[in-house]
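Peer 1: what's the 3D shape of this:
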Amino acid sequence: MSLLPQFGFLELLLVGALALIVVGPKDLPRLMRSAGQAVAQARRMASEFTAAFDQMARETEMEEMRKEIDALKNDNVFVEAKETFKEATKPLKEAVDAEASAVKRAVEDSNHPEQTRAASISNLSEAPSTETKAPETKVPETKATDPKTPSENKAGGVT
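Peer 2: Now for the predicted structure:
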């Protein structure tokens, strides 16, 4: 649906004849030139107007995309997983660091023979132990049974 009026050939011919009568043949070319310039200027203004709306729409889309990207950065599953992994491995890292420092002290003590054996043992006992003991399992006791079958016991022999 077009908002511009639709002119046919007869309507255009009628407007031309009316312009020739009203303006006259001498000023008609000048009138047509200025009318053409006015139409061209109106088209330029219309295209600038639509271009401005298109630019605003693109800027709005870009802003929405930036917001979505920022939201994805903040709600990143991998960052959350990394933090959870760090928290879960923190006790293990501390235990490994403690053992490493104990080994380092032991190496330093072996390099300095002037220290006594008692001092090195006390240094090692200060480090927290990370050894885990296996749970003890009880083996159920089995009662020794008579090799004879119950029928042998009653009859005193094989039945």
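
Peer 1: Tell me the helix or strand right after the lengthiest helix in the chain.
Peer 2: Taking DSSP state H as the criterion, the chain has its longest helix at helix 28-74. Downstream of helix 28-74, the first helix or strand assigned by DSSP states H and E is helix 77-111.

Peer 1: how about F7, phi and psi?
Peer 2: Main-chain torsions, F7, degrees, to the nearest 10: phi -110, psi 130.

Peer 1: which residues does it contact?
Peer 2: With contacts defined as CB atoms under 8 Å, 6 or more residues apart in numbering, F7 is in contact with V15. From N, CA and C alone the C-beta is placed, and that goes for glycine too.

Peer 1: From G16, how far off is it?
Peer 2: 11 Å (CB to CB, to the nearest Å).

Peer 1: hey, what's in contact with both of those two?
Peer 2: Common contacts of F7 and G16 (CB under 8 Å, 6+ apart): none found.

Peer 1: What is the neighbour count of F9?
Peer 2: A count of nearby residues for F9, using other CB atoms under 10 Å, gives 7.

Peer 1: I'd like the distance between it and G16.
Peer 2: Separation of F9 from G16 (CB to CB): 11 Å.

Peer 1: On the pLDDT front, check P150 for me.
Peer 2: Here the pLDDT value assigned to P150 is 53.

Peer 1: One more: E131?
Peer 2: 53.

Peer 1: next one: L3
Peer 2: L3 carries a pLDDT value of 69.

Peer 1: With D70 instead?
Peer 2: You'll see D70 listed with a pLDDT of 86.

Peer 1: What is the neighbour count of it?
Peer 2: By other CB under 10 Å, 10 other residues sit near D70.
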